[in-house]
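[1] output the structure for:
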Amino acid sequence: MVQHEKFYLNGTWQLKKADETLLCPVEIPGSVLSGLTEHGLLEDPFYRMNEYPTRELLKNDFIFSREFELKKEEGRVYTLCCDGIDTVADIFINGIPVKHVDNMHLRYRILCTNILKNGTNSIVVKIHSAISYVNEHVSAPGKEIHYTACGAMEGNQYIRKAHSMFGWDWGPQLPDMGIWRDIYIDSYEKAELSDLHIRQEHINGKVLLSAEVKVTLPKKAQNGKIVEAEHQVSPQSKESHAQTLAKNAETADSLKVKITLWTPDGKQLSFSEEKCLVEDPALWWPNGYGKQLLYTVRAELFLGGEFLDVKELRIGLRTLTVSREKDAWGEEFAFCVNGVKIFAKAADYIPEDCIYSKITPERIYELLDTAVACHFNCIRIWGGGYYPADVFYDYCDEHGLIVWQDFMYACNVYELTDALRESIIEETKDNVKRLRHHASLGLWCGNNEMESAWDHWGGFNDHSDALKQDYLTMFEKLIPEALKSEDDATFYWPSSPSSGGNFTDPDSDDIGDRHYWDVWHGEKPFSDYENYYFRFCSEFGFQSFPCKKTINTFTLPEDRNIFSEVMESHQKNGSANAKILHYIAENFLYPKDFESLIYISQVLQAIAIKSGVEHWRRNRGRCMGAIYWQLNDNWPVASWASIDYFGRWKALQYFSRHFYADVLGSLKVSEDAVYTPYLQNETMQEVSSDVTVFVKNMLGEVLWKNSQRAVCEPLSVKAMGPVSLKDVIEGRESEVFVEAVFTHSDGTLSRQVEMPKPYKHMQIKKAEITFDVMIEGDLLTVWLKSDAPAFFVSVESNVDLVWSDNFMHLTGKEPYEITAVLPEGAEGVPKIRVRSLCDSWEVEE
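    Modelled structure (predicted):
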């Protein structure tokens, strides 16, 4: 038999309510909702208002069970490994209780050598309703909690479960339960490699790697049962691996660990006494700054000449920290990779589904492909969700996305009980050990918005001093101490936003990171972004509706009004629809129909986020990051996402491809019609740009133009000569627009259009847009042509497509080319529909 092997228990299990007869089979990884919906026993919980009866169903306990055959061998150690149990459950093997679990975010290893038998075995996982569990919680005197987060169900902080499963201001209240990750039997005979930790030290252009290995050995307890003991081999030990391990092994033979490093080009280097010096390292860089070169570390365990076990890690050789240098404005907050300060271009990530077993590698890759295609170099994993699967971080390593990793705490008041204290430490250590080796891991953050909430949120900061002290204990003692014990290299930040902790001005504009919501929640105009020069804006956003194709999946025709009961149940922010209408009234004529309202909402969202990002990029050096809220949805809903539940891009996602471009040309508009072109270069090479600023009328005729050239150093910003257009525009502000076209030396273009007045007051002509289509293989090309300037031109298709550009301005007479890759199996020419801004309201001819 193989010395170390895994026997997976994934596959078909049986699902039933507690104390009732069988409901249906369920595929594991899976859940109550996945099993019941797949077998037609539950209507789609996302359709219309099915969320609410589904939530009632989840007040029951459920049992998952199966039998399995095992060829058990004497002398081997058998461990049940549960990578994800959601959440409070009792586990039985052959009728014997083996473990009570209560943390969805924790992997459990349950020694079961003495319970398993040769032949047929049974396993039962009885999962208790999370709703009932939190409702039964009784707080200690003086620690009562009355605050409930962001549209969630009461009590969600009393359980270590993804908080957003209880609802959020973009998600439904569907606290599912199940076995959501792999479950398997791990077995070995003589020893196993239980942990491998690689540290790196960069010295004078070389990298010294140090390895720390932990080995688990079986031994017999006094009662004759098999137990385990884990032993660490320290890199600082004067003894060899063999000497150290032999002391602990119940055998006279020597245990040896061989560690090998494989370079990106396939060369092999060996570790000696747990160290390896890389003389000519190939460094890992974020997306846009260089290559993502990865090394493989392979540790092999031998007993004498017998191979026992192997463990591999992929690492990137790099330094990655957060710079907090003092400067003229306060204190910077910038990712620093290999000594280079990075402007973070990112969005906040939430789980892709309410049913977590449906978050497949394919969906992860598709979502992150979008981020890379739009020039992201970073992604923030928000603290109200979950710690993603290994493939998520593998992708970020391979494609250069720096990971801002929240621990899973968000917008809540927590009562620190003894049980929670223990769970926090275990959860922190387990996830840190799993993720610490990733090249992309840039920052651990204690929580989302809780320091700020304790500082000034009404209804939050009026809890007891004892609960406030619990906050400090959790996020400024327990978590950082547990983190440091497993990862002493990665930067820790206590909360987001924060200026460093201890409730010291957590919303400072001049220190740390900032969340900004005056645009949207405060109904401030988009220009308000330009009043702030945050050091790093890690959250800001604006809502929109998903496209009609997505809305059709959860509505009937009579539901398609934003104030219908169904549409409001898919809008979890109570005042959001009114806010969207407010911003429409400020900027556009009123939309003529439901579909036009959807379109206008997406245009507004795109303009809002573009305004903030371009302003902060113009101030690179003072501001060093823009992370908009949010990248994706977990069900079909009106939200802040730039990509909807089905992966369909909103206008904002298309805009991000431009405003996150490595080389960006933008326009700063000042009073008295002064337009200043800016060139922002987020590359490691010098770039130049030729920019022409036009004033055009609504027929597309050029009334005035000015050209200039600028050179921009690497990783910097260049303000070009300001252009005063007051004399050109004055008296015809409703009849003309300003366009700037930047032609960059790297072969890319930036185009900017600005109106002297709000679009609602501009005399925009009704444009006739024609198009030609060509298909070559799987590439669809469309040439668009307009007889007059057309703004925010949207191209839609009956087939889900991602276009090379969309929601663009057609301001000239020449054809504008866009492309899309057709999905596999697509037949014929897709039906294409084109709309522009004027199509969203009634225009008299």
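[2] mind checking the SS state of residue 164?
    With DSSP: H, G, I helix; E, B strand; the rest coil as the basis, the three-state label of residue 164 is helix.
[3] with residue 603 instead?
    helix.
[4] the residue lying closest to it once chain neighbours are set aside: what's it in contact with?
    Once flanking residues are discounted, residue 603 sits nearest to residue 792: 4.9 Å by Cβ to Cβ, 6 or more residues apart in numbering. (C-beta placed from N, C-alpha, C; glycine too.) Neighbouring residues of residue 792 by Cβ atoms under 8 Å, 6 or more residues apart in numbering: 603, 651, 807-809, 836-837.
[5] name the nearest of those relative to residue 356.
    Relative to residue 356, the closest of the contacts of residue 792 is residue 651; by Cβ to Cβ it sits at 29.0 Å.
[6] is it true that residue 684 touches residue 715?
    Yes. Assessed by Cβ atoms under 8 Å, residue 684 is found in contact with residue 715 at 7.1 Å.
[7] what residues are shared contacts of those two?
    Between them, residue 684 and residue 715 have residue 340 as joint contacts when contacts are counted by Cβ under 8 Å, 6+ apart.
[8] looking at the two, which one has more neighbours?
    More neighbours sit around residue 715 than around the other of residue 684 and residue 715, counting by other Cβ atoms under 10 Å; the figures are 18 against 13.
[9] the more buried one and residue 293, how far apart?
    Here the distance between residue 715 and residue 293 works out to 21 Å (Cβ to Cβ, to the nearest Å).
[10] and the strands in the stretch 701-845 of the chain?
    Assignment of strands within the stretch 701-845 of the chain using DSSP state E, counting those that start in this stretch yields the ranges 702-712, 716-719, 723-724, 736-744, 749-754, 769-776, 779-786, 790-797, 808-810, 816-821, 832-835.
[11] which secondary element of this protein has the worst mean pLDDT?
    Across the helices and strands of the chain, mean pLDDT, DSSP states H and E gives its lowest value to helix 241-248, namely a mean of 42.
[12] in the helix or strand that that one is followed by, what counts as buried?
    Following the chain from helix 241-248 toward its C-terminal end, the next helix or strand by DSSP states H and E is strand 255-262. Of the residues in strand 255-262, 255-257, 259, 261-262 count as buried by neighbour count, 16 or more other Cβ atoms under 10 Å.
[13] would CSV of the residues you listed with distance to residue 731 and pLDDT be doable?
    Formatted as CSV, the entries for the buried residues of strand 255-262 read as follows, by distance: Cβ to Cβ, whole Å; pLDDT from 0 to 100:
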residue, distance to residue 731, pLDDT
255, 88, 87
256, 86, 91
257, 81, 94
259, 76, 97
261, 71, 98
262, 70, 98
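[14] in those, find the pair that's most separated.
    Spanning the widest gap among those are 255 and 262, at 23.2 Å by Cβ to Cβ.
[15] I'd like to know how many residues surround the nearest residue to residue 520 once chain neighbours are set aside.
    When the adjacent residues along the chain are set aside, residue 520 lies closest to residue 542, with 5.1 Å between them (Cβ to Cβ, 6+ apart). Here the number of neighbours of residue 542 (other Cβ under 10 Å) works out to 25.
[16] isn't residue 542 up against residue 519?
    Yes. Using Cβ under 8 Å, residue 542 and residue 519 qualify as a contacting pair, with a distance of 6.7 Å.
[17] what touches both of these two?
    With contacts taken as Cβ under 8 Å, 6+ apart, residue 542 and residue 519 have residue 608 as neighbours in common.
[18] what about the helices in the stretch 1-150 of the chain?
    Ranges of helices in the stretch 1-150 of the chain, per DSSP state H, counting those that start in this stretch, are 32-38, 51-57, 130-135.
[19] just to revisit the earlier point, mind putting the contacts of residue 792 into CSV with pLDDT, neighbour count and distance to residue 526?
    Written out in CSV, the entries for the contacts of residue 792 read as follows (pLDDT from 0 to 100; neighbours: other Cβ atoms under 10 Å; distance: Cβ to Cβ, whole Å):
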residue, pLDDT, neighbour count, distance to residue 526
603, 99, 24, 12
651, 99, 25, 14
807, 99, 25, 16
808, 98, 22, 19
809, 98, 19, 17
836, 98, 25, 21
837, 98, 23, 16
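[20] between those residues, which is closest to residue 670?
    For the contacts of residue 792, with residue 670 as the reference and Cβ to Cβ as the criterion, the closest is residue 809, at 21.8 Å.
[21] in this protein, which ranges drop under the pLDDT threshold?
    In the predicted model, the chain carries pLDDT under 70 at residues 1-2, 219-253, 843-845.
[22] how is it divided into domains?
    Here the domain parsing of the chain from automatic domain parsing is 4-185, 191-315, 339-662, 663-763, 764-845.
[23] SS state for the nearest residue to residue 720 once chain neighbours are set aside?
    Closest residue to residue 720 in three dimensions, ignoring its sequence neighbours and counting by Cβ to Cβ, 6+ apart: residue 677, at 4.2 Å. Of the three states, residue 677 takes strand under three-state DSSP.
[24] what's near enough to touch residue 677?
    Counting by Cβ under 8 Å, 6+ apart, residue 677 makes contact with 665-667, 691, 693, 708, 710, 719-721, 723, 740, 742.
[25] now do residue 609
    Counting by Cβ under 8 Å, 6+ apart, residue 609 makes contact with 540-542, 628, 642, 652, 655-656, 659.
[26] quick revisit: in TSV: the contacts of residue 792, plus distance to residue 523.
    Compiled in TSV, the contacts of residue 792 are given as follows (distance: Cβ to Cβ, whole Å):
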residue	distance to residue 523
603	18
651	20
807	24
808	28
809	27
836	27
837	22
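[27] which of those residues lies closest to residue 439?
    Top of the list for closeness to residue 439, among the contacts of residue 792 and by Cβ to Cβ, is residue 651 at 32.9 Å.
[28] looks like the closest one contacts residue 600 (just checking).
    No. Counting by Cβ under 8 Å, residue 651 does not reach residue 600; the two are 9.8 Å apart.
[29] ok, the closest residue to residue 759 other than its chain neighbours to residue 761 distance?
    With Cβ to Cβ, 6+ apart as the measure, residue 588 is the residue that lies nearest to residue 759, at 5.4 Å, once sequence neighbours are left out. When Cβ to Cβ is applied, the distance between residue 588 and residue 761 equals 10 Å.
[30] more neighbours: those two, which one.
    The neighbour comparison of residue 588 against residue 761 (other Cβ under 10 Å) goes to residue 588, with 21 against 14.
[31] where does residue 732 fall, phi/psi-wise?
    Backbone dihedrals for residue 732, given as degrees, to the nearest 10, come out at phi -140, psi 40.
[32] now do it: how many residues are near it, please.
    In terms of burial, residue 732 registers 13 neighbours under the definition other Cβ under 10 Å.
[33] tell me the angle of the longest strand along the chain relative to strand 255-262?
    Longest strand in the chain by number of residues (criterion: DSSP state E): strand 206-220. Angle of strand 206-220 versus strand 255-262, following axes from the mean of the first three to the mean of the last three Cα atoms, to 10 degrees, is 150 degrees.
[34] which strands and helices sit next to strand 206-220?
    In this structure, strand 206-220 packs against strand 192-203, strand 226-233, helix 241-248, strand 255-262, strand 275-278, strand 295-303, with contacts taken as 3 or more Cβ pairs under 8 Å, 6 or more residues apart in numbering; DSSP states H and E.
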